[in-house]
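Student: sequence plus the predicted model coming up.
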Amino acid sequence: MQQAGSVGESEVEAKFKRIGWNPVRNSSLELGTDYLIEARDLDRRPRGLIVGAQVKSGASYFGRAVRGSDGTVSGWWYYESDIGHFDDWVTHGLPHLLVLHDLDTSTSYWVHVTASAVESTGQGCKVLVPASQTVDGAHADDLFAVACKQKAAPPIEGTAFFGAADAISPARRLRHALITPRLVAPHPNAGTDEPIDASQAVALLSQGRLRELIQFAEQHPSVPDPRSSSAGCDWTWRLVEAIWTWAMTDAVDHLEDVLESARTRDAAAASGVLLGCAQQRLERHEDALAVLDGLESRNDLLPVDHAWVLVQRGRVRAEVGNIAGARSDAAGAQRRLAGDEDDITVSALAAAAAWLLFATARLVPQSADEAILSLPEALTASDTAVSWWRSQRVSWGLQAAEDEWFKSWAQDRSYTLIGGGEPNAFDLFAAEFSADITGEHGSWRAMSALAARQRLMRAATTSDPAFELAEGLDALRRSGDHRSLKLALERLHRDGPLVAVSASVNKIPMSGWTHTTALPNFEALSLVGDLVTEESASEVPVGRPIATFAPSARIARVSARQLSPLWWR
């Protein structure tokens, strides 16, 4: 029996080594754990995850078979009259596997011993070891998922004022500043007496707190003014200046410069994703893909940063009609996010990947072994802290807008000076940016449309109404909200100013239409195509009147069946 156990342990050890894991015999007096095994991810990289394993070998452990109605063995009960081992495995700080090894077939079956899996018999305890769970490459992902159980999401309650920047490792700081800026940026009530570092400045911009960043710059020489050239500053401050320039002007050349000069992998990931998002907003999808392809080809990105890039590339691929590629990226992102559950940005990126898989499921043939994400699963995945904070920003933005509407109705002539624009615009920008940088395309569409409608409604109160109307119409078109766009165009085409309508319709590119922009582009050209200039009209296919514009070869990659906007919301 002892020899059989030794042989079995050696064979199980070899099986774990074949999937890239590193088993080490437990030499301590802990009798319920034969091995402490270092788990590896799908790229065979160590992630600081250890799993305990108890190995049982020989025919005697396969005597309590469980059979289905057709007589097929579905698993085996492992029983002990002494519940001590079960209690140790369930309450241990590390996840524990029970492995039954068949010496005749050299097959190892495993189960994760949890409180819900263990059953009391009244005279002891038992656990079912499934016949479908074997130690091999086919089940490496399942085994790695068990190893990830030891990492829990960080606590976020009580972080409103002090945040959690000190608990974030340097290599993750930029990603957190962009995706979870609440944890990095100083609280608004903390004041500006103390200087901030560059990652905090990035977080301020992500939250739309532009005026506060200027206040920090005016009070502290160590904080560069983002409105001025940052050529002599370190890289992260140059990133701040690049984000500011893009937010103010839509120009991406500074973002291109910081990506080119990035010297660390986290800097490359953050600046590259930012640039990809900016280019997609400008409808330069091929340029966005080129940037994201370059990032994805790197072999030094952290797993979460790699997943971030895949989520963003999948989003762009879906937009241009490469559904299979988009789904492959989303699935790849999900696999790479496993093992970092203690990183709060992970749940936000996992939500984006889940929604991408759910939204595109009906657009491609399903293979027999492909798991289909249900609506409850997609909704559960999207219930994240980042989505809560985004909703909070929307609430603040709409509350500010409602306050202004009420003052107007009450004929209140008082005015609160807010530098740089309306307060609700900043909050809605922050909500839109949050969805954009995370890759949650459906949420980005909703946030972008909301901000565009607000911009249209307040255009008359600005110094250049025609410009604001044109920009609002263009933003509404790019958001994919073709119904709101139709209403806005009809009103402005009827009441004016026509210069705003003309400026907007002449911004419509005659190539590169996507799932999001195809319907609003059709809507705009059919309603106000008579305002298209001769220069723009020259790009329309010969013989096709603009006013009756219909799907043509320019969007051949996007089939008529795929044009429905419902799947991408």
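Tutor: Alright, I've got the coordinates. Residues are numbered from 1 along each chain as shown.

Student: would you mark the buried spots in stretch 438-458?
Tutor: Residues of stretch 438-458 classed as buried: 438-456, 458 (neighbour count, 16 or more other CB atoms under 10 Å). From N, CA and C alone the C-beta is placed, and that goes for glycine too.

Student: from residue 154, how far out is the residue nearest to residue 42 when sequence neighbours are not counted?
Tutor: Nearest non-adjacent residue to residue 42, counting by CB to CB, 6 or more residues apart in numbering: residue 335, 5.3 Å away. Going from residue 335 to residue 154 by CB to CB, to the nearest Å gives 22 Å.

Student: what does residue 136 give?
Tutor: Residue 136 is 34 Å from residue 154, where distance means CB to CB.

Student: give me the element the residue nearest to residue 42 is part of.
Tutor: Using DSSP states H and E, residue 335 falls within helix 323-337.

Student: and that helix, what other elements does it pack with?
Tutor: helix 303-319, helix 344-360 (3 or more CB pairs under 8 Å, 6 or more residues apart in numbering; DSSP states H and E).

Student: OK, contacts around the residue positioned nearest the centre of the chain?
Tutor: Nearest residue to the geometric centre of the chain (CA atoms, centre = their mean): residue 349, 2.4 Å. Residue 349 is in contact with 179, 304, 307-308, 311, 333, 337, 438-439, counting by CB atoms under 8 Å, 6 or more residues apart in numbering.

Student: list the buried residues in the helix ranked longest in the chain.
Tutor: For the chain, the helix with the greatest residue count under DSSP state H is helix 385-409. Buried residues in helix 385-409, counted by 16+ other CB under 10 Å: 385-387, 389-390, 393-394, 396-397, 400-401, 404.

Student: what of stretch 63-72?
Tutor: For stretch 63-72, using 16+ other CB under 10 Å, no residue counts as buried.

Student: what's the answer for stretch 482-494, then?
Tutor: 482, 484-486, 488-489, 492-493.

Student: re the thing from before, could you check how far the residue nearest to the centre of the chain is from residue 205?
Tutor: On the measure of CB to CB, residue 349 and residue 205 end up 20 Å apart.

Student: ok, back up a step: okay, who's weakest in the contacts of residue 349 by pLDDT?
Tutor: The member of the contacts of residue 349 with the lowest pLDDT is residue 337, at 90.

Student: that residue and residue 433, how far apart?
Tutor: Taking CB to CB, one finds residue 337 at 21 Å from residue 433.

Student: re the thing from before, tell me which of the helices and strands packed on helix 323-337 sits nearest to residue 282.
Tutor: When those are compared by CB to CB, helix 303-319 sits nearest residue 282, at 12.4 Å.

Student: care to break this structure down by domain?
Tutor: The record's domain parsing of the chain by automatic domain parsing lists 2-150, 165-385, 458-569.

Student: can you say which of the ones you listed is packed in most?
Tutor: Ranked by mean neighbour count, the domains of the chain are led by domain 165-385 with a mean of 19 (mean count of other CB atoms under 10 Å).

Student: start and end of that domain, how far apart?
Tutor: Using CA to CA, to the nearest Å, the end-to-end distance of domain 165-385 comes to 16 Å.

Student: quick one: that domain to chain centroid distance?
Tutor: Relative to the mean C-alpha coordinate of its chain, domain 165-385 is positioned 8 Å out (CA atoms, centre = their mean, to the nearest Å).

Student: same question, stretch 500-511
Tutor: Using CA atoms, centre = their mean, the offset of stretch 500-511 from its chain centre is 31 Å.

Student: show residues contacting it.
Tutor: Contacts of stretch 500-511 (CB under 8 Å, 6+ apart): 283, 465-467, 469-470, 473-474, 477, 489, 492-493, 521, 524-525, 528-529, 531-533, 536, 539-540, 554.

Student: phi, psi of residue 80?
Tutor: Phi and psi for residue 80, reported as degrees, to the nearest 10, are phi -140, psi 140.

Student: identify the residues contacting it.
Tutor: By CB under 8 Å, 6+ apart, residue 80 lies in contact with 86, 124-126.

Student: try it again with 10 Å
Tutor: With contact set as CB atoms under 10 Å, 6 or more residues apart in numbering, residue 80 has these partners: 86, 121, 124-127.

Student: before we move on, what about residue 162?
Tutor: Listed by CB under 10 Å, 6+ apart, the contact set of residue 162 reads 183, 186-187, 190.

Student: and residue 466, by the same measure?
Tutor: Contact analysis of residue 466 by CB under 10 Å, 6+ apart lists 459, 492, 496-503.

Student: what is the most widely separated pair among the residues you listed?
Tutor: Largest separation among the contacts of residue 466 by CB to CB: 459 and 502, giving 15.4 Å.

Student: follow-up on the earlier one: in the contacts of residue 466, which has the lowest confidence score?
Tutor: Taking these together, the minimum pLDDT is found at residue 496 (88).

Student: can I get the contacts of residue 162 in JSON lines with secondary structure and distance to residue 214?
Tutor: Listed next are the contacts of residue 162 as JSON lines, based on DSSP: H, G, I helix; E, B strand; the rest coil; distance: CB to CB, whole Å:
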{"residue": "183", "secondary structure": "helix", "distance to residue 214": "22"}
{"residue": "186", "secondary structure": "coil", "distance to residue 214": "14"}
{"residue": "187", "secondary structure": "coil", "distance to residue 214": "18"}
{"residue": "190", "secondary structure": "helix", "distance to residue 214": "16"}
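
Student: from those residues, pick the one nearest residue 273.
Tutor: Nearest to residue 273 among the contacts of residue 162: residue 183, at 18.1 Å, using CB to CB.

Student: can you give me the pLDDT of that closest one?
Tutor: 93.

Student: residues contacting it?
Tutor: Applying CB under 10 Å, 6+ apart, we find residue 183 in contact with 154, 156, 159, 162-168, 173, 176-177, 203, 344-345, 385, 389.

Student: of the buried residues of stretch 438-458, which belong to helices?
Tutor: Those of those lying in helices (DSSP H): 438, 441-456.

Student: what angle separates the longest helix of the chain from helix 441-457?
Tutor: Calculated by axes from the mean of the first three to the mean of the last three CA atoms, to 10 degrees, helix 385-409 forms an angle of 10 degrees with helix 441-457.

Student: tell me how far the closest residue to residue 277 other than its chain neighbours lies from residue 444.
Tutor: Distance criterion CB to CB, 6+ apart; nearest residue to residue 277, sequence neighbours excluded, is residue 436 at 5.1 Å. Here the criterion is CB to CB. By it, residue 436 lies 5 Å from residue 444.

Student: centre of the chain versus the helix or strand hosting the residue nearest to residue 277, how much separation?
Tutor: Counting by DSSP H and E, the element that carries residue 436 is helix 423-438. Centre-to-centre, helix 423-438 and its host chain are 15 Å apart (CA atoms, centre = their mean).

Student: can I get it in CSV, CA atoms only?
Tutor: Extracted as CSV, the C-alpha positions of helix 423-438 are listed here (Å, rounded to 0.1, in the frame of the first residue of the first chain):
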residue,chain,number,x,y,z
PRO,A,423,-20.3,71.2,-14.3
ASN,A,424,-22.6,68.5,-15.7
ALA,A,425,-20.4,68.3,-18.8
PHE,A,426,-17.4,67.3,-16.6
ASP,A,427,-19.3,64.5,-14.9
LEU,A,428,-20.7,63.2,-18.1
PHE,A,429,-17.3,63.3,-19.7
ALA,A,430,-16.0,61.3,-16.8
ALA,A,431,-18.7,58.7,-17.1
GLU,A,432,-18.2,58.4,-20.9
PHE,A,433,-14.4,58.2,-20.5
SER,A,434,-14.8,55.4,-17.9
ALA,A,435,-16.8,53.2,-20.2
ASP,A,436,-14.5,54.1,-23.1
ILE,A,437,-11.2,53.3,-21.4
THR,A,438,-12.6,50.1,-19.9
